[in-house]
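>>> build me a structure from this.
(one chain, ligands or ions: 2)
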Amino acid sequence: MIAPAILDPMADTEAAAEARKATGEGRGLVVALDGPAASGKSSVGAAAARELGYRFCDTGLLYRAVTWLALHRGVSPRETDALVRLVDEIHLLDDGGGRLGHVAVDDVDRTAEVRAPEVDAAVSEYSSVPELRMALLQRQRALAEDRRIIMAGRDIGTFVLPDADLKLFLDASVAERARRRALERAIDPDSPHGREILEELRRRDMLDTTRAIAPLRPADDAVIIKTDGNTFEVTVAIIVAKIGQAEAGQGSGDDRPTRDRKPRAERRPMEATPIATDLDPLTRIGSAVLRLIVRAMVRLKIEGDLTAVPRGGPLIIAANHASSADPVLIGAFINQAIGRPLNWLGKRELLEFRLLGWAFRRAGIHPVDRNSADLEAFRSAMRILDARQVLAVFPEGTRSHDGSLQTVREGVGMLALRSGATVLPVAVVDSDRMWPRGHLLPRFGRRVTVRYGTPFKVTDERAEPGKAKAGSRDRRGATEAATRQIMTRIAALLPPRQRGVYAADVEPQPGRGTANAQPEAAAQRD
Ligand code: CDP
Ligand code: CDP
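Residues are numbered from 1 along each chain as shown. Ligands and ions are numbered 1, 2, ... in the order given. Below is the predicted model:
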């Protein structure tokens, strides 16, 4: 084990950067290195960094250290404020060569402890807490400011450093990764203990890839490196070569790479949209014009009783998404009916054009960066709900391919649980037939129904009797259950054709037909 030389990583970062400037060394690249557990990120990444004279940072250590400390102090993943406060006690340590491969808690090196099995078992639950991820975000970004760094983790290319010059994603089969982890811990991979490691990795893979916020996945522009069968040295050589090629493509290493994304200067932070709180005259007029256009183009039927929709307090309007017209079919009508303006989340590109951008902002669209959509979207959404306003969401994220419900990640359930907001389920029926995907314009004269369900609050499974102290697994389960409650309500409002993956969750209605049944009553009864 290498003894850490310097306790303040930031001080070393600055000193090392000065030294590099003095020797005229190029500034080098920012390299994101993501991948599942035991894919080789920390060992391969550190070795490649050593060879290239790069700094290295293993962000998994930060999540592990917070988890270790939280277990030590009895802080559960639900106690978000207390959890976030632990972050200040954690520091990455430099091995003297710019590699942040050790972690200290209150100035004591705890690298060995944070790799213990109890941390393995709990870390994914803790790292799915959005507030904790946010608290660690600036720390990670600051480390990359001086460039010439390989940063290893799960969401580095997708969220922490979406503008990284090179994104690498290390992967290997779970069996191979479990074998490596077992050998590293001097355990026979085929022994019962070895098989436990395999199960543990499977579980962590599942949690890391399916969490609502910043899940593990390769960035769209990542180079995926499969390492099954590769020796350690071969993997290091591949990474060194990739970085070398990328540096060569950049000339001195100072220029931006030529890739199909916008240069950093153009991706400056975007001005936030003010939260829409009042239905002002301009919004009323704009909505009235949109209503006239909609009525002229389609045979719109609006069903459901909106009198029970709260006129104040946080409200989530959650709908299925089957056509580009859905936001207007809902937004231009319901705001008038409930006397409240809607807030939406939208990709920032929508707001980049002057006039259109102005109009979209007026329509209550808040920009989110697609590269980092999950966490930023969650934060923007929570801001709106904390301000006790209305947030309209399509939990599916993107339009459905065939008009039926697709599996959703758990963002909407987490929002409903965290904010305590009332949820209004909405079904947009047949909008996919009115405006099929790939068609430039909608078809005139088609029938579309917008069906509103009964407003409800999701039930928090953890609060149910008999669950005295909720563990982290309960937290995850509660989010999943809340999401399912919302999607089932939406599915119940849709005709069977559009219920998709949630069809089985909808209770059959005795005596009712199928295609044009009005499952409204089903949703409203309970
Ligand atoms: O070493 P191993 O691959 O087993 O894990 P690690 O990289 O030390 O990360 C431990 C855990 O921290 C992961 O399973 C993730 O849940 C979390 N993590 C994360 O969420 N985001 C990161 N950037 C790094 C780690
Ligand atoms: O950081 P991460 O959890 O992704 O993985 P690691 O701790 O760097 O690697 C897990 C184990 O796999 C280490 O013992 C590495 O030496 C080993 N390894 C390997 O044998 N062959 C590779 N191509 C990559 C890693």
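>>> next one: V66 from V87, what distance?
Separation of V66 from V87 (CB to CB, to the nearest Å) stands at 6 Å. C-beta here means a position set from N, CA and C on the backbone, and glycine is covered the same way.
>>> mutual contacts of those two, please.
Shared between the contact lists of V66 and V87 (criterion: CB atoms under 8 Å, 6 or more residues apart in numbering) are residues L132, L136.
>>> those two - which one has more neighbours?
Set V66 next to V87 and count neighbours by other CB atoms under 10 Å: V66 wins out with 28 against 17.
>>> per-residue pLDDT, that one?
Listed pLDDT for V66 reads 97.
>>> give the helix, strand or coil label for it.
helix (DSSP: H, G, I helix; E, B strand; the rest coil).
>>> does it touch D88 like I think?
No - V66 lies out of contact with D88 (CB atoms under 8 Å); the separation is 10.6 Å.
>>> quick one: name whatever helix or strand follows the longest strand along the chain.
The single longest strand within the chain, with elements called by DSSP state E, is strand 422-429. Counting by DSSP states H and E, the next helix or strand C-terminal to strand 422-429 is helix 431-434.
>>> what pairs with the following helix or strand past that next one, parallel or antiparallel?
Using DSSP H and E, the next helix or strand after helix 431-434 towards the C-terminus is strand 447-452. Paired neighbours of strand 447-452 in the sheet (DSSP bridges): strand 299-303 (parallel), strand 422-429 (antiparallel).
>>> pLDDT averaged over strand 447-452 - what is it?
98.
>>> give me the angle between whichever helix or strand comes after it and strand 447-452.
Next in sequence after strand 447-452, counting helices and strands by DSSP H and E, comes helix 472-493. In terms of direction (axes from the mean of the first three to the mean of the last three CA atoms, to 10 degrees), helix 472-493 departs from strand 447-452 by 140 degrees.
>>> helix 472-493 close to ligand 1?
No - contact between helix 472-493 and ligand 1 is absent, the nearest approach being 11.6 Å (criterion: CB under 6 Å from any ligand atom).
>>> and that helix, how far out from the chain middle?
Put simply, helix 472-493 sits 17 Å off its chain's centre (CA atoms, centre = their mean, to the nearest Å).
>>> list the buried residues of that helix.
472, 474-476, 478-493 (16 or more other CB atoms under 10 Å).
>>> list phi and psi for I213.
Here is the backbone geometry of I213 (degrees, to the nearest 10): phi -110, psi 130.
>>> before we move on, back to that, could you give the mean pLDDT of the longest strand of the chain?
Average pLDDT, strand 422-429: 98.
>>> what's that strand in contact with?
309-310, 313-323, 326, 329-330, 416, 448-458, 486, 489-490, 492-495, 498, 523.
>>> just the buried residues of those.
309, 314-323, 326, 329-330, 416, 448-456, 458, 486, 489-490, 492-495, 498, 523.
>>> out of the strands paired with strand 447-452, flag the one nearest ligand 1.
Smallest distance to ligand 1 across those (CB to the nearest ligand atom): 28.0 Å, for strand 422-429.
>>> distance between that closest one and the chain's centre?
With CA atoms, centre = their mean, you get 23 Å for strand 422-429.
>>> any idea which element A337 lies in?
helix 326-338.
>>> thanks again, I'm all set now.
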